[in-house]
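**Student:** With the sequence up front, the predicted model follows.
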Amino acid sequence: MANGRNRGTLIAAIAVALGIAAFVGYQFMGSERDHEHRAKVSEAIALLYGAREPLVNHFKSSRQWPSALEGLAPATSGKYTQSVAISKGAGGTSEIEVTATMRPDGGNTPIAGKRIQLTSADEGASWKCGSPDLSDIYLPPACRKK
């Protein structure tokens, strides 16, 4: 009878170990996917920040924001970023908002079609980054909701 109990204990221990291994593996795979999504979002952030200097220079020279980014910013799209465009304040003299929109990616990822925004309300002296529809886990710390 003792041999049967040992076998049962061994099977239970193996089952627990397999369960723990599966859980740890699942957590690791989830964090790998999150890392991949953050890397894709970083492209959009880089495109947004790349547009800041040309925008500020344009504002300083003409005292108004440009009507569009095309021809002004170094790039307005990327491998994972569908577009970067002025979404508020184009041609104006007050607040400006520039939005990067992620590519749809077939709609199966948590970043597909989501937007990241960069805004300035002080003629480009300071900028605020954020997203109206993207989870903070995919954004750099400077762009997360406080």
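**Tutor:** Sure thing, it's come through.
**Student:** alpha carbons only for contacts and neighbour counts from here, please
**Tutor:** OK.
**Student:** does Ser67 really touch Ala90, like I thought?
**Tutor:** Yes. Shown here, Ser67 and Ala90 form a contact pair, counting by Cα atoms under 8 Å, at 4.5 Å.
**Student:** Those two: which has the busier surroundings?
**Tutor:** For Ser67 and Ala90, the more surrounded residue by other Cα atoms under 10 Å is Ala90, and the numbers stand at 19 against 13.
**Student:** Doesn't the more buried one belong to a strand?
**Tutor:** No. Counting by DSSP: H, G, I helix; E, B strand; the rest coil, Ala90 falls outside a strand, being coil.
**Student:** what's the distance between it and Arg38?
**Tutor:** 29 Å (Cα to Cα, to the nearest Å).
**Student:** The residue nearest the centre of the chain: helix or strand, and which one exactly?
**Tutor:** Closest residue to the average C-alpha location of the chain: Val41 at 3.4 Å, with Cα atoms, centre = their mean. If you go by DSSP states H and E, Val41 is part of helix 2-62.
**Student:** Show the average pLDDT along that helix.
**Tutor:** Across helix 2-62, the average pLDDT comes to 76.
**Student:** repeat for stretch 94-104
**Tutor:** 96.
**Student:** Can you get me a residue count around Ile137?
**Tutor:** 12.
**Student:** Need the three-state assignment for it.
**Tutor:** Applying three-state DSSP: Ile137 is helix.
**Student:** and the gap between it and Arg33?
**Tutor:** With Cα to Cα as the criterion, Ile137 and Arg33 are 11 Å apart.
**Student:** show me what contacts the residue nearest to the centre of the chain?
**Tutor:** When contacts are counted by Cα atoms under 8 Å, 6 or more residues apart in numbering, Val41 is found next to 80-81, 102, 111, 138-139.
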